[in-house]
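Mind folding the following:
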Amino acid sequence: MNSIEMLFRQALILALGWALLHFLWQGVLIAMLLGGVNLLLRRAGAGVRYAAACAAMLAMLAAGVGTFLWLVIHAGAFGSTPVEALVPVLPATRAGSAIVARTISSQSAFRMEQWLDNHLVWLVCVWAAGVVMLSLRTAGGWIFAQTLKGRGSRPAEPAWQQVLERLASRLGVARRIALCESMVARVPAVIGWLRPVILLPVSALAGLTPQMMEAILAHELAHIRRHDYLLNMLQTAVETLLFYHPAVWWVGKKIRQERENCCDDLAVAACGDALVYARALTELEQLRGVPYDLAMAATGGSLLARIRRLVGVHQPIGGTPSTWLAGIVALLTLSALWAARPLSINYHARAASSHAGAGLAVAAAQISSSESEATEAEGQAADTQAPDAQPAPQPSPRAQSSDTAPKDFIGGLAAAGYQNLSVDQLITFKIHGVTPEFVREMEAVGLRHPTPDELVTMRIHDVNPEFVNKLKAGGFSGLSIDQLVSFKIHGVDPARLAEMQKLWGKLSPDQVLTLQIHDVTPEYASQMKGLGMGEPKFDELVSMKIHDVTPEFARNLKAIGLNLNLDQLVAFKIHGVEPARVAEIQKLGFGQLDADKILSLQIHGVTPEFLRGFKDLGFNKLTLDEALAASIHGVTPEFVKSVRKHGFNNLSMEQIIKLKQFDILPDNSN
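Numbers count the residues shown, from 1 in each chain. Okay, the predicted model is just below:
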């Protein structure tokens, strides 16, 4: 062994390796605790859930570091133990022999620990290489983020600086913050902690309304107020050290999600309009590029989930994990069970135990040999003393058969290829009616040797040979067990598959499930086709059904003179366009409206009441474009009344909008 290998075998390397192994089960445990806490806090505020996720991340770091320090402290606490002190005096009896046998059987576990001890150096080397690679990646991201501040950026216009100062005052941010326009950045972002800089992309300044930009600036100021840039760097450091554990990345994802939710809440409180902020996020999504890991961007996290949360839409429950994630969790669970065993912490003591185990094995071999010789001697003595002794009576063949033959249920399962089932599996089979006959029937329809869990799942959901054969008759042969169960869970009717395929051609299993989940029936397809909007395609029908586009909704729009295509119908439904409200706007003298104009009015909140308010103030020739501009810039009939109280009675709508845009007059409308 050379000097380098001697160095790697030191206690610090061994302690680090075992700490990394122990963190496999520690990380799973902490992640499970956070999952339970999240269930209890699902109705709590984002700040509480953020604190819980941060606590879980700190607990993971503390578990890893604490285990390492504990192992280092106790590495040489006991010293070597002589073999004689570990080998008990074993009586030459069968009971003593059984104890020795159990002791010897534990040697396989010791050999595994010894093998791990011999290879821990490679584990530590792989871990260290991963830490170095991720550190280089993080450093590169930091350097790139810093270059954004100087490359292609210039100070923002004074008007935006004033807006920033006003928002900072509302949010209680007393630090001086630089605001720059950037030609390189794709989305608004905060860079730096001691001297933070907010970068505003030129594309965002051109594409967003002033109210939207104020909301985005409020979000970035919320990051600065909460010191998120620094906390994100610390989180990245922990993720780098514990990169090999998926639970760490899951907790990190939760932290980032709740961090964005906290900033969203502060931004809405500052700008006062959740819908404006949600629209701003939607517009920014079209500008999103590659995210900067160490820059706090407004589009971080799951944007769709954030928008749903802002507008008060119920969050859907996440689906089942993907196969690869389930495999990782299963592997980590097995590792956790193994690592949770009582392991010797002292490496010298384990070496002494190795010698003790060898001594016990020798003693056991000697005792076994003595017992064998004694048994042989007793047999010879018995033959000498009783030569005429009759042999012991043998049990009758019938009795032997009844004692050794398996029961029909167990024997049938064994004959079907399911040997060595545990007691729990046999009981589960019996409860759910998994019989040898059921196994043979399912194999006869093409399901070759399902696993015990698959058999139970099919029985629970009533996946039977008749169901499989009907699907085959409908052209769906070769389905996996998971697909069969999904079909049954979602109520796929094999008799209707032929009718569906007449409308949409050959369907894949995923398409069948999509139609079934969203209740897209042949009747619905026929009704939509009868509206005269063309032949609906598969994706169009699913989209219309998801957004609750009904035939009645389409007919009501036709009744007011709107001949829309299918995409426009979906857009109207998404944005909440009501045919009756459109008819009211037309009756106010604005004539026939096209689809794009109606959507613009709906998105920006131009309602019949809004238009009537301006007409009552004398704006009888107000155009819809002027009304849109007024709504976008926050000009309301109440604001016009406030302007006129200051003596400005003959202003045009364009002039009033400029007064509002440049904040010349106070808004007393609230």
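
I'd like to know which elements the host helix or strand of Met213 is packed against.
Per DSSP states H and E, Met213 falls inside helix 210-225. Secondary-structure packing of helix 210-225 (3 or more Cβ pairs under 8 Å, 6 or more residues apart in numbering; DSSP states H and E): helix 158-171, strand 189-191, strand 197-201, helix 202-207, helix 246-271, helix 274-285. Glycine gets a C-beta too; all of them are placed from N, C-alpha and C.

Could you tell me the least trusted of these?
Among those, helix 202-207 carries the lowest mean pLDDT, a mean of 72.

what helices or strands is it leaning on?
Contact here means 3+ Cβ pairs under 8 Å, 6+ apart; on that basis helix 202-207 packs against strand 178-182, helix 210-225, helix 274-285.

Identify each buried residue in the last one, please.
Same thing as helix 274-285. 274, 276-281, 284 (16 or more other Cβ atoms under 10 Å).

re the thing from before, how far off centre is the next helix-or-strand element following the helix holding Met213?
As assigned by DSSP H and E, the chain's next helix or strand after helix 210-225 is helix 228-241. For helix 228-241, the separation from the chain centroid amounts to 20 Å (computed by Cα atoms, centre = their mean, to the nearest Å).

And for helix 228-241, what's in contact with it?
Helix 228-241 has contacts (Cβ atoms under 8 Å, 6 or more residues apart in numbering) with 54, 57, 60-61, 64, 131, 134-135, 138, 190-193, 196, 223, 248-249, 252, 255-256, 259, 263, 293-296.

Not including adjacent chain positions, what is the nearest residue to Thr428?
The shortest distance from Thr428 to any non-neighbouring residue, by Cβ to Cβ, 6 or more residues apart in numbering, is to Val456 (5.6 Å).

My error: substitute His449 in the last question.
Using Cβ to Cβ, 6+ apart and skipping the chain neighbours, the partner closest in space to His449 is Gly417 (5.8 Å).

Can you pull the domain assignment for this structure?
3-130+324-354, 134-306, 410-526, 551-661 (automatic domain parsing).

can you redo the ones you listed as CSV with distance to Glu535?
Below are the domains of the chain laid out as CSV (distance: least, Cβ to Cβ, whole Å):
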stretch, distance to Glu535
domain 3-130+324-354, 39
domain 134-306, 30
domain 410-526, 9
domain 551-661, 10
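
Let me know which of these is the nearest to Glu540.
With distances scored as Cβ to Cβ, the stretch of those nearest to Glu540 is domain 551-661 (4.7 Å).

So what would you say the end-to-end distance of that closest one is?
End-to-end distance for domain 551-661, by Cα to Cα, to the nearest Å: 43 Å.

Could you number the chain from 45 rather than 1 from now on?
Taking 45 as the first residue, the last one we looked at is domain 595-705.

what about the stretch 145-294 of the chain, any weak spots by pLDDT?
Within the stretch 145-294 of the chain, the segments meeting pLDDT under 70 span 145-163, 196, 250.

got it, and the chain?
Confidence mapping of the chain against pLDDT under 70 gives the ranges 45-55, 119-163, 196, 250, 329-349, 351-352, 354-451, 710-714.

who wins for proximity to Asp707 among the helices and strands packed on helix 254-269?
Set against Asp707 and scored by Cβ to Cβ, the helices and strands packed on helix 254-269 come closest in helix 202-215, at 8.3 Å.

May I see the buried residues of that closest one?
204, 207-208, 211-212, 215.

Export it to PDB, keeping only CA atoms.
C-alpha atoms of helix 202-215 as PDB (Å, rounded to 0.1, in the frame of the first residue of the first chain):
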ATOM      1  CA  PRO A 202     -35.800  58.700 -14.800                       C
ATOM      2  CA  ALA A 203     -39.600  57.900 -14.900                       C
ATOM      3  CA  TRP A 204     -38.900  54.300 -14.200                       C
ATOM      4  CA  GLN A 205     -36.500  55.200 -11.400                       C
ATOM      5  CA  GLN A 206     -39.200  57.200  -9.800                       C
ATOM      6  CA  VAL A 207     -41.600  54.300 -10.100                       C
ATOM      7  CA  LEU A 208     -39.000  52.000  -8.500                       C
ATOM      8  CA  GLU A 209     -38.500  54.400  -5.600                       C
ATOM      9  CA  ARG A 210     -42.200  54.700  -5.000                       C
ATOM     10  CA  LEU A 211     -42.600  50.900  -5.000                       C
ATOM     11  CA  ALA A 212     -39.600  50.500  -2.700                       C
ATOM     12  CA  SER A 213     -41.200  52.900  -0.300                       C
ATOM     13  CA  ARG A 214     -44.400  50.800  -0.300                       C
ATOM     14  CA  LEU A 215     -42.400  47.600   0.300                       C
END
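
And Met486, how far from Gly477?
Met486 sits 12 Å away from Gly477, going by Cβ to Cβ, to the nearest Å.

returning to that earlier point: which of the three states applies to the residue nearest to His493?
coil (DSSP: H, G, I helix; E, B strand; the rest coil).

so how many other residues sit close to it?
The local packing of Gly461 (other Cβ atoms under 10 Å) involves 10 other residues.

close enough to count as contact, it and Arg492?
No. Counting by Cβ atoms under 8 Å, Gly461 stays clear of Arg492, with 10.0 Å between them.

Please identify which helix or strand holds Lys641.
When elements are assigned from DSSP H and E, Lys641 belongs to helix 639-647.

ok, and for that helix, which residues are buried?
For helix 639-647, by 16+ other Cβ under 10 Å, it's 639, 641-647.

Just the closest of these to Ile221, please.
Each of the buried residues of helix 639-647 was scored against Ile221 by Cβ to Cβ, and Ile647 proved nearest at 31.2 Å.

Roughly how far does that closest one sit from Ala203?
Using Cβ to Cβ, Ile647 is found at 25 Å from Ala203.
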